[in-house]
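Participant: below: sequence and its predicted model.
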Protein chains: 2
Amino acid sequence: MTLDTVSTNKAFGGVQGVYAHASAETGTDMVFAVYVPPHAEGAKLPVLWYLSGLTCTHANVMEKGEYRRICAEMGVIFVCPDTSPRGENVPDEEGYDFGKGAGFYVDATEDPWSANFRMYSYITSELPGIIAANFPADMDRQGITGHSMGGHGALTIALKNPDRFKSVSAFAPISSPLNCPWGEKALTGYIGANRADWRQYDSTALIEGGARVPGILVDQGDADTFLADQLKPALLKAACDKAGIPLTLRMQPGYDHSYFFISSFMEDHVRWHAERLG
Amino acid sequence: MTLDTVSTNKAFGGVQGVYAHASAETGTDMVFAVYVPPHAEGAKLPVLWYLSGLTCTHANVMEKGEYRRICAEMGVIFVCPDTSPRGENVPDEEGYDFGKGAGFYVDATEDPWSANFRMYSYITSELPGIIAANFPADMDRQGITGHSMGGHGALTIALKNPDRFKSVSAFAPISSPLNCPWGEKALTGYIGANRADWRQYDSTALIEGGARVPGILVDQGDADTFLADQLKPALLKAACDKAGIPLTLRMQPGYDHSYFFISSFMEDHVRWHAERLG
């Protein structure tokens, strides 16, 4: 596996890099960003995965997320994958909420999506191998977070891989794709009409089905225009309450769905993970 | 004067806004960004102006500058103007370093530029009136900073208005437009062939001519590809040393000309200004 360096820039004493590689999972070239904080020669650092939301690439959080200062202070590697396969040969549809930029962190089973849209396996299997091989990463200390569609990704991936991820949080996550228009459209398209098959990609349903994590931090703006119809943190809260999972759900007054919201609380999330990753 | 609100987003407890207005100086609509930190009702806050570099609008530093956290902590209003007039009726040229996005903070005297390219008067006269009238700004406590072309703007404007600006700093400024290709091109085009007329827009020449400020903070990456040919901080240092102006010139090892550099040292600059603005 060859990793191409697209760019590196010194920032907060560490290195913000952008890298490209040919992905076996997606059958395309994939681009991701990694911030490596300043560290002692030979040290291995904990890793925080950040899964982005609809329409985003690796670049949105890299430019607007304001994670480097606190990652430098806490000694945390920050990994920013893309949200879907890209390229002329990848199928797509009109609209921002399905196809390119909208992989929903699932392995698609439906044609024509199943060939390339394998973001679950890309994030949980292929990319971790690349991170382990190319960066000073302690893969025994991984946490995961994300925003909106990426919050859904972070929660579902943590719930399905509790031995791997020691910490999980989310910014304004889609709490239950089974119960919102974005989820209905995406999972129908990628996974098919059988809603029972969707439950493996629904954090609320996973908790109802017995999946457990030690705790979850969620920040949610109460001025977020997607709150009532798409995000529905009350569903996640009900599932966590019933399951006894400690959910710290912070409703943030006046905040919307943008990176102005995310950046305002990024430090809290990095600290949440760093404390749990040691 | 009508101020149109383009957008507002809550961030770090305050409000990041983008505003538009018809400018008498430029004869065009102008857009700028202002961050107002959380503050007590009726309080008046110090103002830090940030002048951007070539190709930028108000948006680059708003998205990548990472100033909101520290401005919220220190209670500083952060103002981000555009770098030139815009619009179909505004003259332009091929290339990134003259015309739109490259106003150089001068009042042009040459045709066809003189009608619209009046960024010096826009920044020092028209926009301050708008800030004073529409935001909780204490105009007796103003500081100014900027990057590259905007660092040149900040230094020259502070040197020409020492009673107004109580603090000045710059990131990788063009230290002497008289002595670099960017400056030669811009000042020839906007001001004309008489180099004596350029000295009012050259921080090094202004200091040589007797202009004084109480002190200057400059950060400069030593991996900045524009350092040797365009930026030349040694010229500024020589002028400051001769004039007895305390210049804190920090050569930052490994840093380039990007916002990864700017954001890494933004906190230091906001603190520098906040300490001097009280």
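Facilitator: Great, that's in hand.
Participant: check the gap between the residue at the greatest distance from the centre of chain A and A:Pro136 for me.
Facilitator: Centroid-distance maximum for chain A: A:Glu41 at 28.8 Å, with CA atoms, centre = their mean. When CB to CB, to the nearest Å is the yardstick, A:Glu41 and A:Pro136 sit 9 Å from each other. Any C-beta I mention is one placed from the backbone N, CA and C, and that applies to glycine too.
Participant: how about the residues of the stretch 151-278 of chain A by chain B?
Facilitator: With CB under 8 Å from any CB of the partner chain as the criterion, the stretch 151-278 of chain A comes near chain B at residues A:Gly221, A:Ala223, A:Gly254, A:Tyr255, A:Asp256, A:Ser258, A:Tyr259, A:Phe260, A:Phe261, A:Ser263, A:Ser264, A:Glu267.
Participant: let's see that with 7 Å instead.
Facilitator: A:Gly254, A:Tyr255, A:Asp256, A:Ser258, A:Phe260, A:Ser263, A:Ser264 (CB under 7 Å from any CB of the partner chain).
Participant: can you list these in JSON lines and add neighbour count?
Facilitator: Shown next, in JSON lines, are these (neighbours: other CB atoms under 10 Å in any protein chain shown):
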{"residue": "A:Gly254", "neighbour count": "13"}
{"residue": "A:Tyr255", "neighbour count": "24"}
{"residue": "A:Asp256", "neighbour count": "21"}
{"residue": "A:Ser258", "neighbour count": "19"}
{"residue": "A:Phe260", "neighbour count": "25"}
{"residue": "A:Ser263", "neighbour count": "22"}
{"residue": "A:Ser264", "neighbour count": "26"}
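Participant: how close does the closest residue to A:Pro177 other than its chain neighbours get to B:Phe135?
Facilitator: Nearest non-adjacent residue to A:Pro177, counting by CB to CB, 6 or more residues apart in numbering or on different chains: A:Gly183, 2.5 Å away. Using CB to CB, we find A:Gly183 at a distance of 41 Å from B:Phe135.
Participant: the two: which is more packed in?
Facilitator: More crowded of A:Gly183 and B:Phe135, by other CB atoms under 10 Å in any protein chain shown: A:Gly183, with 23 against 20.
Participant: that's a helix at the more buried one, yeah?
Facilitator: Yes: counting by DSSP: H, G, I helix; E, B strand; the rest coil, A:Gly183 is located in a helix.
Participant: A:Pro38 contacts A:Gly13, doesn't it?
Facilitator: Yes: if you go by CB atoms under 7 Å, A:Pro38 and A:Gly13 touch, sitting 3.9 Å apart.
Participant: between these two, which one's more packed in?
Facilitator: Per other CB under 10 Å, whichever of A:Pro38 and A:Gly13 has more neighbours is A:Gly13, with 17 against 13.
Participant: show me what contacts the more buried one?
Facilitator: A:Pro37, A:Pro38, A:Ala72 (CB atoms under 7 Å, 6 or more residues apart in numbering or on different chains).
Participant: in three-state terms, label the closest residue to A:Pro91 other than its chain neighbours for me.
Facilitator: Using CB to CB, 6+ apart and skipping residues adjacent in sequence, the residue nearest A:Pro91 is A:Pro112, 4.4 Å away. Classification of A:Pro112 using three-state DSSP returns coil.
Participant: which helix in chain A runs the most residues?
Facilitator: If you go by DSSP state H, chain A has its longest helix at helix A:259-277.
Participant: bridging residues for the spatially most central residue of chain A?
Facilitator: Geometric centre of chain A, nearest residue: A:Leu51, 2.1 Å, by CA atoms, centre = their mean. Assessed by DSSP bridges, A:Leu51 has beta-bridge partners A:Gly146.
Participant: gap between it and A:Gly210?
Facilitator: 23 Å.
Participant: swap in A:Thr28?
Facilitator: A:Thr28 is 35 Å from A:Gly210, by CB to CB.
Participant: those two: which is more packed in?
Facilitator: A:Thr28 (19 against 8).
Participant: and the host helix or strand of A:Val18 with chain B, contact?
Facilitator: Using DSSP states H and E, A:Val18 sits within strand A:14-22. Yes: judged by CB under 7 Å from any CB, strand A:14-22 comes into contact with chain B at A:Gln16.
Participant: for A:Ser52, give its distance to A:Glu63.
Facilitator: Taken as CB to CB, the span from A:Ser52 to A:Glu63 is 11 Å.
Participant: identify the contacts common to the two.
Facilitator: Here A:Ser52 and A:Glu63 have no joint contacts, going by CB under 7 Å, 6+ apart.
Participant: give me the more crowded residue out of those two.
Facilitator: Using other CB under 10 Å as the criterion, A:Ser52 and A:Glu63 rank with A:Ser52 on top: 26 against 17.
Participant: name the nearest residue to that one, ignoring sequence neighbours.
Facilitator: Residue nearest to A:Ser52 in three dimensions, not counting chain neighbours: A:Gly150, with 4.7 Å by CB to CB, 6+ apart.
Participant: related to what we said a few turns ago, partners of the strand holding A:Val18 in the sheet?
Facilitator: strand A:4-11 (antiparallel), strand A:29-36 (antiparallel).
Participant: now those in a markdown table, with mean pLDDT?
Facilitator: Putting these into a markdown table (pLDDT from 0 to 100) gives the following:
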| stretch | mean pLDDT |
| --- | --- |
| strand A:4-11 | 98 |
| strand A:29-36 | 98 |
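Participant: any idea which of the ones you listed is most buried?
Facilitator: Among those, strand A:29-36 has the highest mean neighbour count (mean count of other CB atoms under 10 Å in any protein chain shown), at a mean of 22.
Participant: got the angle between it and helix B:259-277?
Facilitator: Put simply, strand A:29-36 runs at 40 degrees to helix B:259-277, going by axes from the mean of the first three to the mean of the last three CA atoms, to 10 degrees.
Participant: got the contact list for strand A:29-36?
Facilitator: Strand A:29-36 has contacts (CB under 7 Å, 6+ apart) with A:6, A:14-23, A:58, A:62, A:67-68, A:71, A:77-82, A:87, A:127, A:135-136.
Participant: hmm, A:Gly150 is touching A:Gly53, no?
Facilitator: Yes: at 5.0 Å, A:Gly150 counts as touching A:Gly53 under the criterion of CB under 7 Å.
Participant: which of these two has more neighbours?
Facilitator: Higher neighbour count among A:Gly150 and A:Gly53: A:Gly150, with 31 against 26, using other CB under 10 Å.
Participant: can you classify that one by secondary structure?
Facilitator: helix.
Participant: so it versus chain B, what's the distance?
Facilitator: 19 Å (CB to the nearest CB, to the nearest Å).
Participant: list the contacts for that residue?
Facilitator: A:Leu51, A:Ser52, A:Gly53.
Participant: dump the residue contacts of the last one.
Facilitator: Taking CB under 7 Å, 6+ apart as the contact definition, A:Gly53 lies against A:His147, A:Ser148, A:Met149, A:Gly150.
Participant: got a PyMOL select line for the buried ones in the residues you listed?
Facilitator: Buried residues within the contacts of A:Gly53, by 16 or more other CB atoms under 10 Å in any protein chain shown, are selected in PyMOL with:
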select buried, chain A and resi 147+148+149+150
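Participant: ok, so of the contacts of A:Gly53, who is nearest A:Gln200?
Facilitator: A:Met149 (16.1 Å; CB to CB).
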